[in-house]
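Chemist: A predicted structure for the sequence below; I have some questions about it.
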Amino acid sequence: MQLNSLLLCADDKIVRVLRRTLGDLDIHVEHCSNKDTALRHLTRGRFEAIIVDCADAGAAEVLRGARSAPCNKRAVAVAILDPDIGLRSAFEQGAHFTLYKPVSAERAKSSFRAARALMKRERRRNSRVPVDLTVDMMSDAGARFKVNTTDIGEGGLAINLPKRSQPQGRWNLGFPLPGVADRIEMAAEFAWQGNGTQVGLRFLNPPAEVDRLLREWLKRNSPDGEQDDPPVRCQLTDLSPKGCYLSISSPFPVSTRVTVTMCVSNGDLRLEGLVRVMHPEKGMGVEFRHTTPEHRASIEAFISTLANNPDTIPELLVEPEGLGSEAAELDADFQGGNSRESDPLVGLFRNHASLGYDAFLAKLRKQRGLTGAAATV
């Protein structure tokens, strides 16, 4: 299924470059030369990407319009910038990726490869797989009943309630997934009410293993059968038990959930994380998701292997799992609390995310000297 993008740009040369580049990536371009036309399209169609030239009047309004349109609020936003315009203003307006002028085919293709991977993941996150499952529901007050689903997605499921029942708030769910040995158990809350007895439940911070099982099941059973883009190769520069910094030409936006795979001769290490820091065309800092003691032991063993074998260069792959949602939810789902004090690298991500690349790199180099060579790869 072809991806769709909305482009607001009055520069004919940029439009030609992007049409050709995005066409090669199988991304359709709906071009708009003014904000009014773009805003009308946002209310009438679904787009996986919103691309705006920040030199155009109304660019900020179009980005805001995308966030307020229910069918496009999860679209990946790309801002085209003049080199002398600050990055912060683009990100504050809602941009996830930036593309500097002059826009060349090579630079655009590099940026949009990363954007396309995220566009595909976001589309899958919004999709639903029709399925009839029996779900056990239990409230914190002890109320219990069984319901049947009509569909399920990464963010939640739709159910048919028994007649005359009007449950609200938070519930604990338990249900099987066909072909999956482990029973799925997680918390959810009521999110919407449809016609008749159908309602929607939104999942609340599912455990990492449950999240992974659900994603893999949905991928296998998705009706469109679309394949994710292959993982992106990158270079590991710094690693701690709770985070890492990756050198990558097209980093993913802050708040992107990612999976990082680190490979050496004696085994692979696969970790889920959240992008906390992003420097365009340079790299990104990733904080690892809550990990089990076994995961933490594996990370520490991996760090020890690299420290004891300085000539070993690990192979690094990273792939997006989707954009994060609200900050409070992210902090509940990922390591918070004492992370800043107990892990200097993650503390650097959290305390200095707004620094430019050169200033951030200076602090990172200073920290390497304080924490020892094991943190540097």
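Modeler: Structure received. Residues are numbered from 1 along each chain as shown.
Chemist: Is Ala90 in contact with Leu99, as I believe?
Modeler: No - at 10.0 Å, Ala90 does not count as touching Leu99 under the criterion of C-beta atoms under 8 Å. For the C-beta atoms, the positions are set from N, CA and C on the backbone; glycine is no exception.
Chemist: Give me the common contacts of those two.
Modeler: By C-beta atoms under 8 Å, 6 or more residues apart in numbering, Ala90 and Leu99 have these common neighbours: Ala79, Leu81.
Chemist: was I right about Leu317 contacting Leu269?
Modeler: No - using C-beta under 8 Å, Leu317 is not in contact with Leu269; the gap is 11.0 Å.
Chemist: joint contacts of the two?
Modeler: In contact with both Leu317 and Leu269: Thr261, Cys263, using C-beta under 8 Å, 6+ apart.
Chemist: contacting residues for the residue lying closest to Val76 once chain neighbours are set aside?
Modeler: The shortest distance from Val76 to any non-neighbouring residue, by C-beta to C-beta, 6 or more residues apart in numbering, is to Ala49 (4.8 Å). By C-beta under 8 Å, 6+ apart, the residues touching Ala49 are Leu3, Asn4, Ser5, Leu6, Ile27, Ala75, Val76, Ala77, Val78, Ala115, Met119.
Chemist: and which of those residues is nearest to Thr305?
Modeler: Using C-beta to C-beta, Ala115 comes nearest to Thr305 of these, at 33.9 Å.
Chemist: Assign the closest one to helix, strand or coil.
Modeler: Put simply, Ala115 is helix when judged by DSSP: H, G, I helix; E, B strand; the rest coil.
Chemist: next one: Met186
Modeler: Per three-state DSSP, Met186 ends up strand.
Chemist: That one: neighbouring residues, count only.
Modeler: Neighbour count of Met186, defined by other C-beta atoms under 10 Å: 16.
Chemist: Secondary structure element holding the closest residue to it other than its chain neighbours?
Modeler: Counting by C-beta to C-beta, 6+ apart, Met186 lies nearest to Pro206, which is 4.3 Å off, once chain neighbours are set aside. Using DSSP states H and E, no element contains Pro206; it sits outside every helix and strand.
Chemist: Kindly report the same for Ile80.
Modeler: Using DSSP H and E, Ile80 falls in strand 76-81.
Chemist: do Ile51 as well
Modeler: Per DSSP H and E: strand 49-53 holds Ile51.
Chemist: can you list contacts of the helix or strand that comes right after that strand?
Modeler: Next in sequence after strand 49-53, counting helices and strands by DSSP H and E, comes helix 59-68. The set of residues external to helix 59-68 that reach it, using C-beta under 8 Å, 6+ apart, is 6, 8, 35, 38-39, 42, 47, 50, 52-54, 72-73, 75, 77, 79, 93-95.
Chemist: re earlier: buried sites along the strand holding Ile51?
Modeler: For strand 49-53, the neighbour count (16 or more other C-beta atoms under 10 Å) marks Ala49, Ile50, Ile51, Val52, Asp53 as buried.
Chemist: Widest-spaced pair of those residues?
Modeler: Across the buried residues of strand 49-53, no pair lies farther apart than Ala49 and Asp53, at 13.9 Å, counting by C-beta to C-beta.
Chemist: Report how many residues lie close to the closest residue to Ser342 other than its chain neighbours.
Modeler: Excluding its sequence neighbours, the residue lying closest to Ser342 (C-beta to C-beta, 6+ apart) is Lys242, at 7.5 Å. By other C-beta under 10 Å, 24 other residues sit near Lys242.
Chemist: separation between Lys242 and Ala105?
Modeler: Distance, Lys242 to Ala105, by C-beta to C-beta, to the nearest Å: 39 Å.
Chemist: Asn221 now?
Modeler: Applying C-beta to C-beta, the value for Asn221 to Ala105 is 37 Å.
Chemist: tell me the pLDDT at the spatially closest residue to Val264 that is not a sequence neighbour?
Modeler: Sequence neighbours aside, Pro314 is the residue nearest to Val264 in space, at 5.0 Å (criterion: C-beta to C-beta, 6+ apart). With respect to pLDDT, Pro314 scores 89.
Chemist: Pro314: how many residues sit nearby?
Modeler: Look at Pro314: counted by other C-beta under 10 Å, it has 18 neighbours.
Chemist: these two touch, right, it and Leu236?
Modeler: Yes - Pro314 is within contact range of Leu236, at 5.8 Å (criterion: C-beta under 8 Å).
Chemist: you'd agree Gly324 is up against Arg257?
Modeler: Yes - assessed by C-beta under 8 Å, Gly324 is found in contact with Arg257 at 5.8 Å.
Chemist: Next, the contact list for Ser104, please.
Modeler: Ser104 touches Val17, counting by C-beta under 8 Å, 6+ apart.
Chemist: From the chain's centre, how far out is the lengthiest strand in the chain? Work that out for me.
Modeler: Assignment by DSSP state E gives strand 267-279 as the longest strand of the chain. In terms of C-alpha atoms, centre = their mean, to the nearest Å, the centre of strand 267-279 is set 11 Å apart from its chain centre.
Chemist: now what about the helix or strand just after that strand, what contacts it?
Modeler: Under the assignment DSSP H and E, the closest C-terminal helix or strand after strand 267-279 is strand 283-288. Outside of strand 283-288, the residues within contact range by C-beta under 8 Å, 6+ apart are 234, 237, 242-248, 251-252, 258, 260, 271-278, 299, 318, 334-335, 339, 345-346, 348-350, 353, 357.
Chemist: next one: stretch 294-302
Modeler: Contact with stretch 294-302 is made by Leu239, Pro241, Met262, Val264, Leu269, Leu271, Phe288, Thr291, as judged by C-beta under 8 Å, 6+ apart.
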